[in-house]
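[1] Can you look at this prediction? I've put the sequence above it.
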Amino acid sequence: AFQDVLKREARTLMAADLTVRQFNAPSGAQLAALEPWLRRGVRLTRITETVSMMAAADGATPVLVSVKAVDPRAYPFYGSVKLDPARPLAEALTPATIAVSDDLLIRLNLSSGAAIRLGSADFTVFGVVRLEPDRMTGSLNVGPRVLVTREGLDRTGLMTFGSRAAHRLLFKLPPRGVGVAEMRDALRKAFPEAMVADYREGHPFITRA
């Protein structure tokens, strides 16, 4: 029964058809190797996950949070992020706004619209993340969730040399013309040290558990 559920929800659990995960940012050569596939209709979006301390702008005791930076115009390819108040992710997240899990608001005694500081940048809390389709298949899920745009992450100054972060590349294949096995083989060659998975097997860590 568990395997049947995984198969039915596989793409949603990954938010993609295929994923690549590694702890180094993709190199220029690796991104160049993806260009022919993008020209064939494959879609790509990148996710960066890291951990940091976050505090309310009034100087309250900081809290360790799990930061996830996405491009809200593309992420997720499957499933949806549900926010409270309800709003499409592409409208809610801007370089100056974030969405957080409700436990963070409780711990910092905040509410939607509050000012908060992450790294060296100030943000406004848009609201609460109620559902995140690929939460189980993410990395560095330590502490309350903070969802931010990739431009917002750049503003924080957190991603300096030596920063601990996980990088995921999510791929959505076109309806025809590119096979899953074909794409997976190409990704394994371009990212030999990364974990490459596709929706047919689900997430290896979940399957093993």
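    Alright, I've got the coordinates. Numbering: from 1, shown residues only.

[2] from here on, contacts and neighbour counts on C-alpha atoms
    Noted.

[3] Need the CA coordinates for stretch 102-109. PDB is fine.
    The C-alpha coordinates for stretch 102-109 follow below in PDB (Å, rounded to 0.1, in the frame of the first residue of the first chain):
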ATOM      1  CA  ASP A 102       3.600  28.600  11.900                       C
ATOM      2  CA  ASP A 103       5.900  27.300  14.600                       C
ATOM      3  CA  LEU A 104       8.400  30.100  13.700                       C
ATOM      4  CA  LEU A 105       5.700  32.800  14.300                       C
ATOM      5  CA  ILE A 106       4.800  31.200  17.600                       C
ATOM      6  CA  ARG A 107       8.500  31.000  18.800                       C
ATOM      7  CA  LEU A 108       9.200  34.600  17.800                       C
ATOM      8  CA  ASN A 109       5.700  35.900  18.800                       C
END
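
[4] residues contacting Val129?
    Contact analysis of Val129 by CA atoms under 8 Å, 6 or more residues apart in numbering lists 81-84, 99-102, 147.

[5] Kindly indicate which of these lies nearest Glu182.
    Val81 (29.4 Å; CA to CA).

[6] Could I get the contacting residues of that closest one?
    89, 129-133.

[7] Go through those and flag which are in helices.
    Among the contacts of Val81, the ones falling in helices (DSSP state H) are Leu89.

[8] just the buried members of the contacts of Val81?
    89, 129, 132-133 (16 or more other CA atoms under 10 Å).

[9] Among the residues you listed, which one lies nearest to Glu151?
    The closest of the buried ones among the contacts of Val81, once distances to Glu151 are taken by CA to CA, is Leu89, at 14.6 Å.

[10] pLDDT score assigned to the nearest residue to the closest one once chain neighbours are set aside?
    Nearest residue to Leu89, sequence neighbours excluded (CA to CA, 6 or more residues apart in numbering): Pro72, at 5.7 Å. Listed pLDDT for Pro72 reads 96.

[11] Can you verify Pro72 is assigned to a helix?
    No - the assignment for Pro72 by DSSP: H, G, I helix; E, B strand; the rest coil gives coil, which leaves it out of any helix.

[12] Figure out the length between the terminal residues of stretch 149-164.
    18 Å (CA to CA, to the nearest Å).

[13] I'd like to know the average pLDDT value across stretch 201-209.
    Per-residue scores along stretch 201-209 average to 62.

[14] ranges for the helices of the protein?
    Going by DSSP H, the chain shows helices at 2-8, 10-14, 28-39, 89-92, 102-108, 150-156, 180-190, 204-208.

[15] could I have the third one exported to CSV, CA atoms only?
    Pointing back at helix 28-39 there. C-alpha atoms of helix 28-39 as CSV (Å, rounded to 0.1, in the frame of the first residue of the first chain):
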residue,chain,number,x,y,z
GLY,A,28,29.6,26.3,-15.4
ALA,A,29,30.4,23.1,-17.3
GLN,A,30,27.5,21.3,-15.7
LEU,A,31,25.1,24.0,-16.6
ALA,A,32,26.4,24.1,-20.1
ALA,A,33,25.8,20.4,-20.4
LEU,A,34,22.1,21.0,-19.7
GLU,A,35,21.6,23.6,-22.5
PRO,A,36,20.9,21.0,-25.2
TRP,A,37,18.2,19.5,-23.1
LEU,A,38,16.6,22.9,-22.3
ARG,A,39,16.5,23.5,-26.1
